[in-house]
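Undergrad: Just the structure for this:
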Amino acid sequence: MSPAHYDTQESLLREATLQAAAAYSAHAHAPKPFTPGESPVPVSGKCWNAEEVKNLVDASLDFWLTAGRYNERFEKAFAVCLGRRYALTVNSGSSANLLATAALCSPQLGERRLRPGDEVVTVAAGFPTTVAPLVQYGLVPVFVDAKAPTYNAVAEQIDAALSSRTRAVFLAHTLGNPFDVAAVKSLCAERGLLLAEDACDALGSTYTQDGKETLCGGFGHIGTFSFYPAHHITMGEGGAVVCDDAELYRILLSLRDWGRDCRCPPGRDNVCGRRYSHRFPLLPDGYDHKYVYSHLGYNLKITDMQAAVGLAQLAKLPEFTTARRRNFHRLHKALQSLDGDCLMLPEATAHADPSWFGFPLTLHPRFERRVLLEHLNAAKIGTRLLFAGNINRQPCFEGVPHRIAGALDGTDEIMRRGFWVGVFPGLRDEHMDYTAGVLLDWFKRR
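TA: The predicted model follows:
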């Protein structure tokens, strides 16, 4: 068999396989009808169709099990989407936060680097892995309050939280609602602070400043994202770090890939043409550059199959964002009669247009949250709390060096009375109307 004939046969077999996979997906994963009270209304979930399945199978047929051609395409497309120069995939949003913190502590940043004992301002109400890397790298988290109805850090407290040891601010955009970007950016620029954005819950959310609308993750020195199935797009496990600084990108790349000094992509050697001609003071001359390590790093890469799914998902981000906003506004309108007397409805930060990760609510003190959540659970409506609540009250934080800047009354209120329900694109109008109806009926009978 000639090589040309073999290539043609391979192409035909591949295409037949992809079409069969698409047909299977359309049959096996078709949307199910919604039956109120019987069908679940999850808080989050993945949304996909034949495009993701075809990409996944296509990547699997290559049997290139680490990052490859799809990963290269995804990183480039994601950077363009965010308006950043560089994007680097990692195996989770939590790893993205770890990598961001590690990079900001790199000796290669010189005087800009964070050192053990430096303070980093963050918010007390959120997900633990925004804070965990700070502690793991010997930094001191300084906690500011968050308040409903935006559920974000109180910007005025950040200024008051600064000390002579403060070197950075690391904040999450809570449930997709951007924090006060203008105030935080201005403060960081004025005080010479590094700004890291945890945008794991905020892909697609925008903030407008000076007439320019920018996606979350596009403001700080570094931004982080998660592609877990609950998030705005998914590749299963996965995440990304974005930045504009070439030096910071090289550090991130090194730390992600075992800490090595070499920047050759997987499966490619000697891209720089100097593999055996580098010199390092304590190593033999010409030591193989693939085994020179400039950082104590990790292996946080994804597989090409994950990237293949992510690439198909990224193309759908605009429609996913539209669906999240539509679901949020439908539910918000339906619950207006409860605002104030029964619930505090969420509000977007000024100048922000969130791609809401969830629909946060704060229950009036005269009602018991546990009773309501049990009722919603019995009605098949999923709920979640705002993650760790006040992280200072979590068992894992006992004995951890930190500082609290002012009272955390808003955070404690969120922890005691807050919860959220879903608005992800897999939910349709009937899901939103059912959720609203169950809540309205429960309060009516109280």
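Undergrad: mind listing what's buried in the top helix by length along the chain?
TA: With secondary structure taken from DSSP state H, the chain has its longest helix at helix 3-28. Neighbour counts using 16 or more other Cβ atoms under 10 Å place L18, A21, A22, S25 of helix 3-28 among the buried residues. Glycine gets a C-beta too; all of them are placed from N, C-alpha and C.
Undergrad: ditto for stretch 316-332
TA: Along stretch 316-332, the positions that meet the burial threshold by neighbour count (16+ other Cβ under 10 Å) are 316-317, 320-321, 323-328, 330-332.
Undergrad: Which of these sits closest to G297?
TA: For G297, the nearest member of the buried residues of stretch 316-332 is L317. The distance, counting by Cβ to Cβ, is 30.0 Å.
Undergrad: ok, now which ones touch the closest one?
TA: When the contact criterion is Cβ atoms under 8 Å, 6 or more residues apart in numbering, the partners of L317 are C81, L203, G204, H232, I233.
Undergrad: before we move on, back to that, could I get the buried residues of helix 3-28 as a markdown table with distance to E156 and pLDDT?
TA: Listed next are the buried residues of helix 3-28 as a markdown table, based on distance: Cβ to Cβ, whole Å; pLDDT from 0 to 100:
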| residue | distance to E156 | pLDDT |
| --- | --- | --- |
| L18 | 55 | 95 |
| A21 | 54 | 94 |
| A22 | 53 | 93 |
| S25 | 50 | 92 |
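Undergrad: In helices only, show me the buried residues of stretch 316-332.
TA: L317, F320, T321, A323, R324, R325, R326, N327, F328, R330, L331, H332.
Undergrad: Tell me the pLDDT of the first one.
TA: Model confidence at L317, given as pLDDT, is 98.
Undergrad: Can I get the ones in helices among the buried residues of stretch 316-332 in JSON lines including distance to K46?
TA: Putting those into JSON lines (distance: Cβ to Cβ, whole Å) gives the following:
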{"residue": "L317", "distance to K46": "14"}
{"residue": "F320", "distance to K46": "11"}
{"residue": "T321", "distance to K46": "16"}
{"residue": "A323", "distance to K46": "13"}
{"residue": "R324", "distance to K46": "14"}
{"residue": "R325", "distance to K46": "19"}
{"residue": "R326", "distance to K46": "18"}
{"residue": "N327", "distance to K46": "16"}
{"residue": "F328", "distance to K46": "19"}
{"residue": "R330", "distance to K46": "21"}
{"residue": "L331", "distance to K46": "21"}
{"residue": "H332", "distance to K46": "24"}
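Undergrad: The residues you listed: which two are farthest apart?
TA: Based on Cβ to Cβ, the longest span within those runs between L317 and H332 and measures 22.1 Å.
Undergrad: follow-up on the earlier one: now, among the buried residues of stretch 316-332, which is nearest to D257?
TA: Comparing every one of the buried residues of stretch 316-332 with D257 (Cβ to Cβ), the shortest separation belongs to L317, at 26.8 Å.
Undergrad: Against L345, how distant is that closest one?
TA: The span separating L317 from L345 equals 26 Å under the rule Cβ to Cβ, to the nearest Å.
Undergrad: mind checking which helix or strand A388 is in?
TA: Here A388, judged by DSSP states H and E, is contained in no helix and no strand.
Undergrad: Now do the phi/psi pair for it.
TA: Geometry field for A388 lists phi and psi as phi -80, psi -10, criterion degrees, to the nearest 10.
Undergrad: Distance check, the nearest residue to G83 once chain neighbours are set aside against L317.
TA: Of all residues beyond its chain neighbours, the one nearest G83 is G218 (5.1 Å), with distances taken as Cβ to Cβ, 6 or more residues apart in numbering. The spacing between G218 and L317, counted by Cβ to Cβ, is 14 Å.
Undergrad: Tell me the helix or strand right after the lengthiest strand in the chain.
TA: For the chain, the strand with the greatest residue count under DSSP state E is strand 166-172. Next along the chain after strand 166-172, taking DSSP H and E as the criterion, comes helix 181-191.
Undergrad: count of residues packed around G126?
TA: Other residues lying near G126 total 29 when counted by other Cβ atoms under 10 Å.
Undergrad: OK, contacts around the residue lying closest to it once chain neighbours are set aside?
TA: For G126, ignoring the flanking residues on the chain, the nearest one in space by Cβ to Cβ, 6+ apart is A172 at 5.0 Å. Applying Cβ under 8 Å, 6+ apart, one finds that A172 lies in contact with V123, G126, F127, T130, F179, E197, D198, A199, C200, D201, A202.
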